[in-house]
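Peer 1: Got a predicted structure plus its sequence, pasted below:
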Amino acid sequence: MVLLWTDILMYLLFFSIIFSVLYIRRKDHLRRPWKKVVKSKVGVVSMFILATFLVIGLLDSIHYKSSSEGQVISLFDDWVSPIRTHSEKTYSAPFAVFAYAKEMQQQPDGKTSWSYPPLIYGGAHLLSPANKSEDILAKASWGGLKGMGVWLIIAVIMLGLSKRKGSELTVLLKYSLISLFLILTISFVVAELSSYYHVLGTDKVGEDVLYQGLKSIRTGLVIGSLTTFVMLPIAIILGLLSGFFRGWVDDVIQYIYTTLSSIPGVLLIAAAILMAQVYMANHPDLFAGVERRADMRLLFLCLILGVTSWTGLCRLLRAETLKLREMDYVMAAKALGVGNFALLKRHILPNVFHLIMISVVLDFSGLVLAEAVLSYVNIGVDPATYSWGNMINSARLEMAREPIVWWSLSAAFIFMLGLVLAANLFADTVRDAFDPRSFN
């Protein structure tokens, strides 16, 4: 097994989610608002979509060296081997059976002609290209039936357990089943079709665009989660200290985040990435292999984004702490001799926890979009790393072709929209549930 730094961080993300769930179950004041979240239709559906992305990211974080290929691959790579290994010569449109550009073709009679060559893998099983539509429909139907079969088994088990506990068909159970039905059906349809066609086409070097989009999920999750892990401690500690102690402590912290906010973030990130590249170029023995160099650049990008993106949450926590420190229960605890740090831990931090949670979920989607913008201007992740930003960057030149190669940009847009939209809808649900002014 090959362990990368970002793999460890993905495992930490997974276990932190499990730990948070177990912790919330033991705290009644946290359990009540989360009950509102799981009673929301939008909240349940978006939660399942995010869970699907997380499962793909975890599978793509289990790396090992393949004995047959002699290179480092992930468990996800092994799982989707058909679309990973079925590479064409160059561009091909979605569900195409012929290449996107004409070439000189050698005919059986020895003559040459200027025509579209057939693809090596896409639609190669067809006896006649005229049967493509019927074949796609048949394979999509078969994949859908398999997905519905798996869903039916899971649904029977879930309903059986629900009846055994004597509970009714709650919103959580109902919309969990609906979400599972859609996710499993679509997944099996795409899996069945991708074994025979390039569902989202291929890029300039003939690599399947669907595979690139799926591989980019892990990069988006790493960017969003690791950057959050870096910025949270800084924002919480400095925000609480600034608002609680005021005086010179407040002045120093305000000076720090005001100065940092005044520096253009793109320039700071670009300078840091260039410094990291120079260091890796001068110490090649420390970063053996393309995977480790790309992984280190991704890790460094997350650290830089975390160091530069904590100021907004810090301001918010400072303002809230300034209000909470004057509340009667805080003043009473102070009069009884409770220490400052005990006050921060027992009375201030629990009362700003909902703001932290809401900001984390909202910032996650912003960080995913930030990676796309940074990679577009070539200061993001390594070009060897699969990411939606790199897909958009490569699609920039493809859009100038005639005819236009549109599917790489469309695929990056679809995957990014799915993750960001689900995160934003989930954040809205969490905000409504934790809002003290909500009476529902």
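Peer 2: Thanks, I have it. Numbering: from 1, shown residues only.

Peer 1: can you list contacts of the helix or strand hosting residue 8?
Peer 2: In this assignment (DSSP states H and E), residue 8 forms part of helix 5-25. By C-beta atoms under 8 Å, 6 or more residues apart in numbering, the residues outside helix 5-25 that reach it are 30-31, 34, 54, 57-58, 61-63, 218, 221-222, 225-226, 229, 295-296, 298-299. Where C-beta positions appear, they are placed from N, C-alpha and C, glycine not excepted.

Peer 1: what's the answer for stretch 377-390, then?
Peer 2: Residues contacting stretch 377-390 (C-beta under 8 Å, 6+ apart): 212-213, 215-216, 218-220, 266, 269-270, 273-274, 290, 293-294, 297-298, 301, 368, 371-376, 393, 412, 415-416.

Peer 1: about what we covered before: pull the CA atoms of the helix holding residue 8 into PDB?
Peer 2: This file holds the C-alpha atoms of helix 5-25, laid out as PDB (Å, rounded to 0.1, in the frame of the first residue of the first chain):
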ATOM      1  CA  TRP A   5      -0.100  12.900   2.600                       C
ATOM      2  CA  THR A   6      -3.500  13.800   1.100                       C
ATOM      3  CA  ASP A   7      -4.600  10.200   1.600                       C
ATOM      4  CA  ILE A   8      -4.100  10.600   5.400                       C
ATOM      5  CA  LEU A   9      -6.100  13.800   5.300                       C
ATOM      6  CA  MET A  10      -9.000  12.100   3.500                       C
ATOM      7  CA  TYR A  11      -9.000   9.400   6.200                       C
ATOM      8  CA  LEU A  12      -9.000  12.200   8.900                       C
ATOM      9  CA  LEU A  13     -11.900  13.800   7.200                       C
ATOM     10  CA  PHE A  14     -13.900  10.500   7.200                       C
ATOM     11  CA  PHE A  15     -13.100   9.700  10.800                       C
ATOM     12  CA  SER A  16     -13.800  13.300  11.900                       C
ATOM     13  CA  ILE A  17     -17.300  13.000  10.400                       C
ATOM     14  CA  ILE A  18     -17.900   9.800  12.300                       C
ATOM     15  CA  PHE A  19     -16.500  11.300  15.500                       C
ATOM     16  CA  SER A  20     -18.800  14.400  15.000                       C
ATOM     17  CA  VAL A  21     -21.800  12.200  14.500                       C
ATOM     18  CA  LEU A  22     -21.100  10.200  17.700                       C
ATOM     19  CA  TYR A  23     -20.400  13.400  19.700                       C
ATOM     20  CA  ILE A  24     -23.600  15.100  18.500                       C
ATOM     21  CA  ARG A  25     -25.700  12.000  19.500                       C
END
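
Peer 1: quick one: the following helix or strand past that helix to helix 5-25, angle?
Peer 2: Where DSSP H and E defines the elements, the next helix or strand beyond helix 5-25 is helix 28-38. Note on geometry: by axes from the mean of the first three to the mean of the last three C-alpha atoms, to 10 degrees, helix 28-38 and helix 5-25 are set 110 degrees apart in direction.
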